[in-house]
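1. Pasting the sequence and the predicted coordinates here, then a few questions.
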Amino acid sequence: GNSVTQMEGPVTLSEEAFLTINCTYTATGYPSLFWYVQYPGEGLQLLLKATKADDKGSNKGFEATYRKETTSFHLEKGSVQVSDSAVYFCALLGGNTPLVFGKGTRLSVIA
Amino acid sequence: NAGVTQTPKFRVLKTGQSMTLLCAQDMNHEYMYWYRQDPGMGLRLIHYSVGEGTTAKGEVPDGYNVSRLKKQNFLLGLESAAPSQTSVYFCASSFTSENTGELFFGEGSRLTVL
């Protein structure tokens, strides 16, 4: 079945550091891929998405490229801010099944 | 802009008690979902609905029941609560039968079972 594996956290970075959170997936066919973000005390919200191979999703300075050859969708940001501290979830949508989430990666950014 | 609203936000139950979590959405979404979030486990789908009057099992349905009598509401019931059901519960909804993957989440309901 469909599954998503993302790097274990927590990740702690200094402000303005470069961020990468790895995400790989297993799916049949051609899934769509997503990153969701959960800020403290809130529900999840969509950060970015990509619906086909080589697509790049981007939002709020975050980017992720759909790599079919490596079955990956790594999240990157060139310069993180304290306000980026949150839990980030990689997710996959494929076939007739609902969205499948990874286990989440907690990011803490310190000033 | 209400979006997805969950009630109650917090609840403490004793083992064996029953309760219902209510989710309401005002976006006319077809699909609705109930997830639970536990440390180290991410989000796991309990039940979902693809339209009024329909429900389907997700990854972890045991111990829960759901109903979707009205399009805007999705109820999650625990008939006999167990400590293993201590968790944060999230409701979500999404557009259209094509399920584009953009889910809109409520703020969560924290349930503790003693």
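-> Thanks, I have the structure now. These numbers were taken from a predicted model, which means no experiment stands behind them.

2. For the spatially most central residue of chain B, pull up the helix or strand it's in.
-> For chain B, the residue sitting closest to the mean C-alpha position, by Cα atoms, centre = their mean, is B:Trp34 at 2.7 Å. Element membership for B:Trp34, per DSSP states H and E: strand B:31-38.

3. which parts of chain B sit against chain A?
-> B:4, B:31, B:33, B:35, B:40-43, B:45, B:48, B:58, B:90, B:92, B:99-108 (Cβ under 8 Å from any Cβ of the partner chain). Just so you know, the C-beta spots here come from the backbone N, C-alpha and C atoms, and that holds for glycine as well.

4. So for the closest residue to B:Ser87 other than its chain neighbours, what's the pLDDT?
-> Of all residues not flanking B:Ser87 in the chain, B:Arg36 sits nearest, at 4.3 Å (Cβ to Cβ, 6 or more residues apart in numbering or on different chains). For B:Arg36, the model assigns a pLDDT of 96.

5. List the contacts of B:Arg36.
-> For B:Arg36, the contacting residues are B:43-44, B:46, B:60, B:87-90, by Cβ atoms under 8 Å, 6 or more residues apart in numbering or on different chains.

6. How about B:Cys23?
-> B:4-6, B:32, B:34, B:73-76, B:91, B:93, B:106.

7. Quick check: the gap between it and chain A.
-> Look at B:Cys23 and chain A: by Cβ to the nearest Cβ, to the nearest Å, they are 11 Å apart.

8. any idea which helix or strand comes after the helix or strand where B:Val66 lies?
-> Assessed by DSSP H and E, B:Val66 sits inside strand B:65-67. Once strand B:65-67 ends, the next helix or strand along the chain (criterion: DSSP H and E) is strand B:73-78.

9. Please save the CA atoms from that following strand in PDB.
-> Extracted C-alpha coordinates of strand B:73-78, given in PDB (Å, rounded to 0.1, in the frame of the first residue of the first chain):
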ATOM      1  CA  ASN B  73     -21.400  17.400  10.300                       C
ATOM      2  CA  PHE B  74     -19.300  14.400  11.100                       C
ATOM      3  CA  LEU B  75     -19.600  12.800  14.500                       C
ATOM      4  CA  LEU B  76     -17.000  10.500  16.200                       C
ATOM      5  CA  GLY B  77     -18.300   8.300  19.000                       C
ATOM      6  CA  LEU B  78     -16.500   6.300  21.700                       C
END
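
10. How about the closest residue to chain A within chain B, nearest residue that isn't a chain neighbour?
-> Residue nearest to chain A within chain B: B:Phe105 (3.2 Å; Cβ to the nearest Cβ). Using Cβ to Cβ, 6+ apart and skipping the chain neighbours, the partner closest in space to B:Phe105 is A:Gly43 (3.2 Å).

11. near chain B, which residues of chain A?
-> Chain A comes close to chain B at residues A:32, A:34, A:36, A:41-46, A:49, A:89, A:91, A:93, A:98-99, A:101-104, as judged by Cβ under 8 Å from any Cβ.

12. thinking again about what came up before, quick one: which of the contacts of B:Arg36 sit in strands?
-> Within those, residues falling in strands by DSSP state E are B:43-44, B:46, B:87-90.

13. Neighbour count added to the residues you listed, as JSON lines?
-> Below are these laid out as JSON lines (neighbours: other Cβ atoms under 10 Å in any protein chain shown):
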{"residue": "B:Leu43", "neighbour count": "27"}
{"residue": "B:Arg44", "neighbour count": "17"}
{"residue": "B:Ile46", "neighbour count": "23"}
{"residue": "B:Ser87", "neighbour count": "21"}
{"residue": "B:Val88", "neighbour count": "17"}
{"residue": "B:Tyr89", "neighbour count": "22"}
{"residue": "B:Phe90", "neighbour count": "24"}
